[in-house]
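Participant: Structure, please.
(chains A and B)
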Amino acid sequence: MRPEASRLWLAALAAVLCLGAAADPAERLADPAKEARAREIFRQVRCLVCQNESIDDSQAELAADLRKLVRDQIAAGRSDSEVRAYLVSRYGEFVLLKPAVSWGNAALWGAPVVVVAGGVALMLAQLRRRRPEPELTPEEDDRLSRLAEHDGA
Amino acid sequence: MTVEFGAFALILALCLSIAQAGLSGAGRLRRSSVLVGAGEGAALAAFAAVALAFFALMHAFIVSDFSVANVAGNSHTEKPMLYKVAGTWGSHEGSMLLWCLALTGFGAAVAGLGRDLPRGLKALAVMTQGLLGTVFLAYTVFASNPFVRVLSPPIEGRSLNPLLQDPALAVHPPFLYSGYVGLSVVFSFAVAALIEGRVDAAWARWVRPWALAAWSCLTIGIMLGSFWAYYELGWGGWWFWDPVENASFMPWLIATALLHSAVVTEKRGALSGWTVFLALAAFTFSMLGAFLVRSGVLTSVHAFAVDPTRGVLLLIILGATAGAGFALFAWRAPSLNPGGLFAPVSRESALVLNNILLAAATATVLLGTLYPLMREAATGEAISVGPPFFSLTFTPLMAALFILLPAGPLLSWKRADAQGVAQRLGLAVLIALGLGLAAFAFINPRQAFASAGLGLGAWLVIGVGVELAERSRVFRVPAAEAWRRLTGLPRGAWGMTLAHLGLGVFVLGACVETGWKIEAAETLPVGGHLAVGAYELSLDKVQGVDGPNYDAERATIHATRAGAAVCTPQPERRFYPAGGQTTSEVAICTLGASHLYVVLGERRETKGAPVWLVRAYWNPWALLIFLGPVIMALGGVLSLSDRRLRLGVGRRASPRIETAPGTAAVGALAASPEPGE
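Facilitator: The predicted structure follows:
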């Protein structure tokens, strides 16, 4: 992290000092299982006005609103995917920290696989093209070990 | 007066860099040792000039000369001295000056220390370093001059962001920049080798110490930044996949790949094209980082307008420099010697796989960082790429790399005995699997991924043990003989072992901390209690504190475990009037390798009595996350101190050594300048 850049992204943080905001006892759901589900969703939802933070970390007002929204939805019995779909319908794909696996994001999700596959293919082609030297015949092997012995002496 | 002196020294440095590039280039062209020597002299002088400029700026910060715009914008009379000094590199302009200092410093180091390099290669490397210096110094002088005065100096400065007033962050940029810019030497060597048309084992041996030094600095720099985020931002996270972090991580990944591929080039003469490509790519990623971070293009998609001229200028520098390097590569690489052959199961293959996985990891981080920008430019749709994406893509790549790693050092060159290696690692596999399964079965709460990570970390650490056992042949030869073998290992080998051990330590810490951290938060009145894991915290008192440039509330909390006192954390909440910001000063109790992490939050009123939001985390093995990279960097430094690297035994290939091996070996050890050149 370079200082001047840190300044930029910290400018937002400093004003609304982030302290793992979601753990605030005043906001919590009574049911620990539902609260745990809510926290899991928080970590995947972007605080829209912050630099690159999930609403789990951010103390921005909007993040608190989003947390309340998610907790309300969960308390009302919605499933995790329903909650995420609801957030996307309201705020667009931007709100999800994990981009959707879609054609629009094919390059993003495919890149690691493509690079590994390409690299391995190149390596195999190289290995095939340049066959390693043939094995030594037993006589040659014998001669080599004799030479090595002689050299070592 | 010193300020004008600094501004003058900076312009002088620019002129000297131009001279350095011109003289060295002309010297190489005409094969004139006078011109080449003059180029080297210019390199040393350019460094001296930038150093003078740097100290002039530092002086302005120390005496709080607010007639300098940069000082007025980033300093304050009440700031502690350490942060006044650190303020020198705390701004865009100042950090650019630090960048130039490192750049000319490395140029001078090549000119002054590279005595045993072939003249032609050295002259071209000094020339390239001079060209880089010219470009970045020109940018600093004309677009980002730290010595600009203001017409009516303010009485007080605007101070440095209080979150940045921290010892770790004060020394973080110098390490990071030495790492970033250290890679420029590798870049220059690659350009020089491409122009000369010769990339061989000797070249790889000359490049490796520079790559090692840069990599070690980068490792420490990134670790310090991460450690700072961990204890300063106050929610116990240490890596956020923030674009700024990614910008520093990509050069590190590429430099790591380079260190490994350079070994193949050095020992076997193979992969020379790829090694040169990585050498060019490493500094390109450093420059990309500089661009991403300084242009503001990524901190927010809309922030490009914040400083469009500088952003565009940096983009032009990046495009021109990297473009020229890679164009040269495309032109000259096909003529490079393809090098030695190797079988599918061999040390070479393992190192190639290492490079494939590291390259894929770099591509993942690069796309994860830039894709939102590309997608928005292409379709206008905004998307976010955050930590969940990286856990799904980057982590599996690294897991694959870590699974392969312990086998690498056991494989022999050219053709390895797969069965033999599998046998030697059999016990290690069983122990690591057993530890992972035991963690899964017995640690509450049950965490599959963290358990797997723990097994993987153990696998890396045990793998290091197996490697040492193999090298020393312990259990197979008498103990004295094993000890002799162990102490006789070259430092380069120890360096590698240590770096791999550090990685294992880091993986253990990262997985255990991520998987089993415990969080608790409660609003407490004085005398209130909060339980976090096995620990009980009670708030004893909260008092006001006057700092040098802040006011604070300090809580005194005592932590107990099963009734026995453990430690007394004193977290603070600070208010800095200069900038109107509030920060939290976290209290961390280190218990073994684990951290009890306590944060004091805001004061609230309940029924007339004040209560404080207290947040506590139990971060098991968190210390290992930062200890691991330190061990890795130590490995780098140890390897750097290896005589074979320092003294460039690459001359073994020269005819003189072939004719008289005995005297040449002595000559190599004494590092005498080569008479034949």
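Participant: Now do the residue in chain B that chain A sits nearest to, the pLDDT please.
Facilitator: Nearest residue of chain B to chain A, counting by C-beta to the nearest C-beta: B:G386, 2.8 Å away. (Glycine included, C-beta is placed from N, CA and C.) The model reports B:G386 with a pLDDT of 88.
Participant: mind listing what it touches?
Facilitator: A:44, A:46, A:52, A:54, A:97-98, B:241 (C-beta atoms under 8 Å, 6 or more residues apart in numbering or on different chains).
Participant: what about the nearest residue to B:G182 once chain neighbours are set aside, how many neighbours?
Facilitator: Spatial nearest neighbour of B:G182, chain neighbours left out: B:A214 (2.7 Å); criterion: C-beta to C-beta, 6 or more residues apart in numbering or on different chains. Number of residues near B:A214 (other C-beta atoms under 10 Å in any protein chain shown) recorded here: 30.
Participant: go on, A:L62?
Facilitator: 14.
Participant: can you tell me which residues contact residue 99?
Facilitator: This is for chain A. With C-beta under 8 Å, 6+ apart, A:P99 has these contacts: A:93, A:105, A:108-109, B:371, B:383-385, B:389.
Participant: my question was about chain B
Facilitator: Contacts of B:W99 by C-beta under 8 Å, 6+ apart are B:136, B:140, B:177, B:180-181, B:290.
Participant: B:T369 versus that one, what's the distance?
Facilitator: 20 Å (C-beta to C-beta, to the nearest Å).
Participant: ok so, going back, let's see if you can find the most crowded of the contacts of B:W99.
Facilitator: B:Y180 (30 neighbours).
Participant: Within the helices and strands, which one has it?
Facilitator: Using DSSP states H and E, B:Y180 sits within helix B:167-196.
Participant: now B:A552, what's its secondary structure?
Facilitator: For B:A552, the assignment made with DSSP: H, G, I helix; E, B strand; the rest coil gives strand.
Participant: My guess is it contacts B:Q543. True?
Facilitator: No: contact status for B:A552 versus B:Q543: not in contact, 9.3 Å apart, counting by C-beta atoms under 8 Å.
Participant: neighbour-wise, which of these two wins?
Facilitator: B:A552 (20 against 10).
Participant: Identify all residues paired with that one through a beta bridge.
Facilitator: Legend: beta-bridge partners of B:A552 under DSSP bridges are B:V545, B:R574.
Participant: Find me the pLDDT at the nearest residue to B:L328 once chain neighbours are set aside, would you?
Facilitator: Closest residue in space to B:L328, ignoring its immediate chain neighbours: B:L194 at 4.9 Å, by C-beta to C-beta, 6+ apart. Looking at B:L194, its pLDDT is 93.
Participant: list the contacts for B:L194?
Facilitator: B:276, B:328-329, B:331-333.
Participant: Please repeat the previous calculation with a cut-off of 10 Å.
Facilitator: Counting by C-beta atoms under 10 Å, 6 or more residues apart in numbering or on different chains, B:L194 touches B:124, B:273, B:276, B:279-280, B:325, B:327-333, B:335-336.
Participant: again, but for B:E4
Facilitator: Counting by C-beta under 10 Å, 6+ apart, B:E4 has contacts B:56, B:147, B:149.
Participant: which residues sit in contact with B:W618?
Facilitator: B:236, B:513, B:516-520, B:532-535, B:591, B:594-597.
Participant: how many other residues sit next to the residue of chain A found nearest chain B?
Facilitator: Chain B sits closest to A:L97 of chain A, with a gap of 2.8 Å, by C-beta to the nearest C-beta. The number of residues packed near A:L97 is 24, by other C-beta under 10 Å.
Participant: Quick check: it vs A:V45, distance?
Facilitator: In terms of C-beta to C-beta, A:L97 sits 7 Å off from A:V45.
Participant: where do the contact lists of these two overlap?
Facilitator: What both A:L97 and A:V45 touch, as defined by C-beta under 10 Å, 6+ apart, is the set A:54-56, B:384, B:386.
Participant: can you list the domains in chain A?
Facilitator: A:3-98, A:104-152 (automatic domain parsing).
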